[in-house]
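>>> got a structure for you, letters missing:
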């Protein structure tokens with residue numbers, strides 16, 4: 001089992017200082033976490049009520065650091081912990097720029113990048129980036145195809161529905177080559193499963209429902225098999241957040257859900273301590289408790 005520390009919101013325990021992520025990531029590395037993850041929004045609009053997964057946890061004016069930039073800072077101050085996005089809204093970056101930025105980070109970190117990618121949900125982000133919201137799915141899949149091609153060397157040519165170019169090189173190459181892990185935060189349809197099996201490594205289910213995870217895993221297992229792959233898809237997700245008798249989120253009750261969620265198909269567990277911590281000292285205690293799952 002792999003443990004991923006979600007850094008979302010933890011800088012607020014340190015007066016909003018983004019450099020606190022260095023100390024937190026170093027602590028996670030020392031405790032044996034496999035990865036740290038960061039979240040993406042390029043801009044935010046006012047229509048937070050359109051968030052499709054419940055109540056959006058932050059106001060429109062909240063700070064969102066660019067994930068690959070933030071992970072570069074962390075990479076420069078750690079040595080072994082992997083660096084994940086959860087998730088990066090891939091269509092908001094041009095394919096060549098995303099390939100270049102990801103390759104640079106992977107080279108700097110000596111092969112520690114893991115890209116969780118998705119389409120996002122907010123139309124305002126696409127409008128502000130000059131990208132057609134209604135074409136985001138086509139742009140998404142073609143962008144990742146192009147990245148994979150550019151990570152193999154060059155010259156590379158491409159003629160697709162959304163992008164076309166001839167004889168280009170994109171250097172540096174990633175330390176992992178074209179095998180930078182790609183985990184997809186998308187709905188697990190048969191079509192998406194087939195696409196993931198062609199270019200990706202796994203799935204990040206948005207829901208914690210065990211039926212949802214189990215059904216998605218089954219579809220992706222089949223797609224990997226149909227694609228002739230020998231490896232199994234990586235399934236990275238969260239545990240259901242449980243509350244105590246007073247309605248307060250309980251870390252212990254949440255961790256008690258681990259075996260059931262793993263039985264449903266999770267093999268990588270991402271935990272967001274912001275749901276449980278109350279101070280920097282309490283955060284350290286929580287990380288130590290979570291790390292015990294690795295023992």
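Structure's in. What do you need? Just so it is clear, the structure is predicted and the values come from calculations on it, not from any experiment. Numbering: from 1, shown residues only.
>>> list the buried ones in the biggest helix by length in the chain?
Across the chain, the helix with the greatest residue count (assigned by DSSP state H) is helix 210-226. Within helix 210-226, the residues that qualify as buried are 210, 212, 213, 214, 216, 217, 219, 220, 221, 223, 224, counting by 16 or more other C-beta atoms under 10 Å. The C-beta positions use only the backbone N, C-alpha and C, and glycine is treated the same way.
>>> helix or strand right after that helix?
Using DSSP states H and E, the helix or strand that follows helix 210-226 in sequence is strand 234-237.
>>> So what sits opposite residue 270 in the bridge?
With DSSP bridges applied, the residues forming beta bridges to residue 270 are residue 4.
>>> Skipping adjacent residues, who's closest to residue 61 in space?
Taking C-beta to C-beta, 6 or more residues apart in numbering as the measure, residue 61 lies nearest to residue 44, with 7.5 Å between them; neighbours along the chain are not counted.
>>> Tell me the secondary structure at the one you found.
Classification of residue 44 by DSSP: H, G, I helix; E, B strand; the rest coil places it in coil.
>>> which residues of this structure fall in strands?
Read by DSSP state E, the chain holds these strands, from start to end of the chain: 2-6, 35-38, 82-85, 88-89, 113-118, 156-159, 164-168, 182-184, 202-203, 234-237, 268-271.
>>> returning to that earlier point: what sits up against the longest helix of the chain?
With C-beta atoms under 8 Å, 6 or more residues apart in numbering as the contact definition, helix 210-226 has outside contacts at 188-190, 193-194, 196-197, 202-203, 205, 207, 231-233, 235, 237, 260-261, 263-266.
>>> could you flag which of those residues are buried?
Neighbour counting by 16+ other C-beta under 10 Å classes 188, 193-194, 196-197, 202-203, 205, 233, 235, 237, 261, 264-266 among these as buried.
>>> which of those lies closest to residue 104?
When the buried ones among the contacts of helix 210-226 are compared for distance to residue 104 (C-beta to C-beta), residue 202 wins out at 23.2 Å.
>>> is that closest one in a bridge, and if so with what?
As for beta bridges, residue 202 partners with residue 183, residue 234 under DSSP bridges.
>>> List the residues that contact it.
Contacts of residue 202 were listed using C-beta under 8 Å, 6+ apart, and they are 181, 182, 183, 184, 196, 220, 233, 234, 235, 236, 268.
>>> If we use 6 Å, what do you get?
Residue 202 sits next to 183, 233, 234, 235 when contact means C-beta atoms under 6 Å, 6 or more residues apart in numbering.
>>> from what I can see residue 25 touches residue 36, true?
Yes - using C-beta atoms under 6 Å as the test, residue 25 is close enough to residue 36 to be in contact (5.0 Å).
>>> which stretches of the stretch 101-250 of the chain have low pLDDT?
Within the stretch 101-250 of the chain, no range satisfies pLDDT under 70.
>>> With adjacent residues omitted, what lies nearest to the residue most central in space within the chain?
The structure's the chain has its C-alpha centroid closest to residue 86; by C-alpha atoms, centre = their mean the separation is 2.2 Å. If the residues on either side of it in the chain are set aside, residue 86 comes closest to residue 37, at 3.9 Å by C-beta to C-beta, 6+ apart.
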